[in-house]
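Participant: Build me a model from this:
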Amino acid sequence: MRKGHKAGHIRRQRLAALTLTAAVMIGTLAGCGNKKDSTGNTTDLVTIFTGSTTENIINGPVSTEIEVVAEYDMAYDDVGGVKYYKADVSDDMLPGTPEDIDAREYGEIVENKFIKVSEQPDSTFAADADTASYTNIRGYINEYLKNDDPYNREKGIAGYIPNDAVRIEEMINYFSYDYAEPKDGEPFSYYSEIVDCPWNEEHKLLMLGLKTKDIATENLKDNNFVFLIDSSGSMDMPNKLPLVKTAFTRLIDELDENDTVSIVTYAGSSEVVIDGAKGDEKQRLLDALDGIFAYGSTDGSDGIITAYEIAESHFKKDGNNRVILATDGDLNVGITDKDELTALIDQKKRSGVYLSVMGFGTDNLKDDKLEALADNGNGHYAFIDDAFEAKRALVSEMGGNLETVAKDVKLNVNFNEAMVDSYRLIGYENRVMSREDFDDDTKDGGEIGAGHRLTVLYELDLTDSAVTGTAATSNDPSQDFLTLSVRYKEPDEDASKLLTYEVGVEALNDTPSENIRWAEAVAAFGMILRESEFKGTADFEMVKDLASNIKAAENDEIKQEFIKLVEGVMFTEDK
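Facilitator: Predicted structure coming up:
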């Protein structure tokens, strides 16, 4: 995992307040033990707070890890070192200040490369309609724009944001696209377009889109929701527990007497705050939310088990049964290992109760755990950074995020060797599957909710015959570029269904649509931010030009915000 050392999340005033305590404790504890680094060498590590800085005194080889402190408690390791933040650090970061360390954790992303069709004609991956990466990145950018510290801007915005925080497919799928509604009796509508690639003039860009049917809020299934709220000490920040309460308050406003709501909190252990209230008991629910306070450690696994038990006890056979987890993901008691947590969720979802995840906070976010939990729980992962996003995720996008209409959705793209020489899937790195897994109904796919749009981009290097229009041969009488196959299951079924779509020369477009231009802008921005080796000629000016000349964006607040972020970065980078 890559953790950056850019964002400041332990504030200087907090350090100053702790200086005296740290000095006293270190005087007592220093030298009373040792610690092994990643090579097994023994080291002594003492961290001394001195006002707004820290001084690290190292005896022996440099330790490569600094362990985690409880969010609001001073803690000391068994050798007298102050545990103030968790991060992977390099030699040049010691000594350093907590402001230099970003404690957010991300799963490693190994960027997809170009694949020769002659060697591997099939590209297979699970659908992913998550959006958390975009809102998290938006937060990084806003931090960057507000911070005048030259150190924080030394490497530019691409050096400020950890590469692994940038999941380009989640950035693309955050935005809406003008896809048609599905025809009667069909689960998806389908969209395809092939245009010149803006960052590589020798290549083409392929856009594939799927959309499920919009469902009005009043026509959604009856809900059985369990709000699972992390109330541990790390949540006691303005952008955490107070924002959690705001988010759930917005959702409660949308519920009625046919809905069931339970509230479970967890810190050192779980507590059932509300068990099976009706959705129209709004004041009771709001009072219960208001009475939740943050304290203690974080036994998330105990909370998850309790929440599923409550959800199962109120199970609605023809309804939407879902646990909605709100947390920063810092689970430090009980089951804490990501693989063990996902195994627990994978077992619990067999009850028919799904798990949606909302991440909160910028100082200690365990993004990798939260993404894995949602992916394995047949749910959606969103990052909530403000009240507007809370409303968007739980009200405006309620159907898409909280009511699954197709589960275990998997896509397979079979490229025609006569037309396509090589291809590169943009994003979806942690959702790639083998071709054999596509036909295996026991292999988990992704979930798509009501009204969701799933957008996929490929960069293509066409064959010479495709470029000149002479692709038809005796072995390949058609001029289709590819066949898209989609497997999916109905929410209450275990056997998959198969849909296929052919993409031929009719998808070629000399004048790119607004759909693909917007996706190009977002993808190019993502490649710049993650310092992609495939970004070609993409720069911020290209992103702005692609995004600014789209009529549909003029009255779209979310797209206008994106353009302003890009303009803000351009202005700052030019200073």
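Participant: show me the contacts for the spatially closest residue to Gly568 that is not a sequence neighbour.
Facilitator: Using Cβ to Cβ, 6 or more residues apart in numbering and skipping residues adjacent in sequence, the residue nearest Gly568 is Leu145, 4.9 Å away. Where you see a C-beta, it was placed from the backbone N, CA and C, and this is true even at glycine. Leu145 is in contact with 568-569, 572, counting by Cβ atoms under 8 Å, 6 or more residues apart in numbering.
Participant: would you turn those residues into CSV with pLDDT and secondary structure?
Facilitator: CSV is the format used below for those (pLDDT from 0 to 100; DSSP: H, G, I helix; E, B strand; the rest coil):
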residue, pLDDT, secondary structure
Gly568, 95, helix
Val569, 94, helix
Thr572, 88, helix
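Participant: of those residues, closest to Ser513?
Facilitator: Ranking the contacts of Leu145 by separation from Ser513, with Cβ to Cβ as the measure, puts Val569 on top at 25.9 Å.
Participant: you'd agree the residue nearest to Gly568 is in a helix?
Facilitator: Yes - when DSSP: H, G, I helix; E, B strand; the rest coil is applied, Leu145 is found to be in a helix.
Participant: switch to numbering from 38
Facilitator: Yep, numbering from 38; the last one is Leu182 now.
Participant: quick one: it from Arg190, how far?
Facilitator: For Leu182, the distance to Arg190 equals 10 Å [Cβ to Cβ, to the nearest Å].
Participant: shared neighbours of the two, which are they?
Facilitator: Common contacts of Leu182 and Arg190 (Cβ under 8 Å, 6+ apart): Thr609.
Participant: Just give me the neighbour total for Tyr227.
Facilitator: Neighbourhood size, Tyr227 [other Cβ atoms under 10 Å]: 18.
Participant: That one touches Thr249, doesn't it?
Facilitator: No - in this structure, Tyr227 is not within contact of Thr249 by Cβ atoms under 8 Å, at 11.4 Å.
Participant: Which pLDDT value belongs to Thr80?
Facilitator: For Thr80, the model assigns a pLDDT of 36.
Participant: Actually, Ala509.
Facilitator: pLDDT, Ala509: 46.
Participant: repeat for Arg141
Facilitator: Confidence score, pLDDT, at Arg141: 88.
Participant: What helices and strands are in contact with the helix or strand Met579 falls within?
Facilitator: Met579 belongs to helix 577-585 when assigned by DSSP states H and E. Contacts defined by 3 or more Cβ pairs under 8 Å, 6 or more residues apart in numbering; DSSP states H and E place helix 577-585 against helix 551-566, helix 594-611.
Participant: circling back to that earlier point, buried among the contacts of Leu182? Make that a PyMOL selection.
Facilitator: Remark: buried members of the contacts of Leu182, expressed as a PyMOL selection using 16 or more other Cβ atoms under 10 Å:
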select buried, resi 605+606+609
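Participant: Could you dump the contacts of Leu182 into TSV and include distance to Lys588?
Facilitator: Output for the contacts of Leu182, formatted as TSV (distance: Cβ to Cβ, whole Å):
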residue	distance to Lys588
Gly605	23
Val606	24
Thr609	28
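Participant: got any ranges where the chain has weak pLDDT?
Facilitator: Flagging of the chain using pLDDT under 70 yields the residue ranges 38-138, 186-189, 335-337, 368-375, 505-515, 612.
Participant: Centre-most residue in it?
Facilitator: Centroid-nearest residue in the chain: Ala169, 3.4 Å away (criterion: Cα atoms, centre = their mean).
Participant: What sits closest to it if chain neighbours are left out?
Facilitator: Excluding the flanking residues, the one nearest Ala169 by Cβ to Cβ, 6+ apart is Phe420, at 3.9 Å.
Participant: Hmm, the one you found is touching Gly398, no?
Facilitator: No - here Phe420 does not reach Gly398: they are 9.3 Å apart, not a contact under Cβ under 8 Å.
Participant: my guess is Trp236 is in a helix, correct?
Facilitator: No - assessed with three-state DSSP, Trp236 is coil; it does not lie in a helix.
Participant: Identify the residues contacting it.
Facilitator: Trp236 touches 561, 564, 572-575, 579, counting by Cβ under 8 Å, 6+ apart.
Participant: Using CSV, write out every CA atom in the longest strand along the chain.
Facilitator: Secondary structure assigned by DSSP state E gives strand 441-452 as the longest strand of the chain. What follows is strand 441-452, C-alpha atoms only, in CSV (Å, rounded to 0.1, in the frame of the first residue of the first chain):
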residue,chain,number,x,y,z
THR,A,441,-29.8,-3.5,-6.2
VAL,A,442,-31.6,-4.5,-9.5
ALA,A,443,-28.8,-6.7,-10.9
LYS,A,444,-26.2,-8.5,-8.8
ASP,A,445,-22.9,-10.3,-9.7
VAL,A,446,-22.7,-8.3,-12.9
LYS,A,447,-19.7,-9.3,-15.0
LEU,A,448,-18.5,-8.0,-18.4
ASN,A,449,-16.5,-9.8,-21.0
VAL,A,450,-15.2,-8.0,-24.1
ASN,A,451,-14.0,-10.2,-26.9
PHE,A,452,-12.0,-8.3,-29.4
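Participant: Who are the packing partners of that strand?
Facilitator: If contacts are counted by 3+ Cβ pairs under 8 Å, 6+ apart, strand 441-452 sits against strand 159-163, helix 472-475, strand 483-486, strand 490-499, strand 519-526.
Participant: so what does the next helix or strand after the last one touch, helix or strand wise?
Facilitator: Next in sequence after strand 519-526, counting helices and strands by DSSP H and E, comes strand 534-540. Packed against strand 534-540 by the contact rule (3+ Cβ pairs under 8 Å, 6+ apart) you find strand 226-233, strand 519-526.
Participant: ok so, going back, reformat the helices and strands packed on strand 441-452 as a markdown table; add distance to Ile174 and mean neighbour count.
Facilitator: Listed next are these as a markdown table, based on distance: least, Cβ to Cβ, whole Å; neighbours: other Cβ atoms under 10 Å:
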| stretch | distance to Ile174 | mean neighbour count |
| --- | --- | --- |
| strand 159-163 | 21 | 22 |
| helix 472-475 | 29 | 16 |
| strand 483-486 | 21 | 25 |
| strand 490-499 | 17 | 23 |
| strand 519-526 | 28 | 22 |
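Participant: Which of those sits closest to Leu402?
Facilitator: Closest among the helices and strands packed on strand 441-452, once you apply Cβ to Cβ, is strand 483-486, at 21.8 Å.
Participant: List the neighbouring strands of the closest one plus their orientation.
Facilitator: strand 441-452 (antiparallel) (DSSP bridges).
Participant: got the angle for the partner strand vs strand 490-499?
Facilitator: Using axes from the mean of the first three to the mean of the last three Cα atoms, to 10 degrees, the inter-axis angle of strand 441-452 relative to strand 490-499 is 0 degrees.
Participant: how far is strand 441-452 from where the chain is centred?
Facilitator: 19 Å (Cα atoms, centre = their mean, to the nearest Å).
Participant: Could you check the angle that strand makes with strand 534-540?
Facilitator: Using the same axes, to 10 degrees: strand 441-452 against strand 534-540 is 40 degrees.
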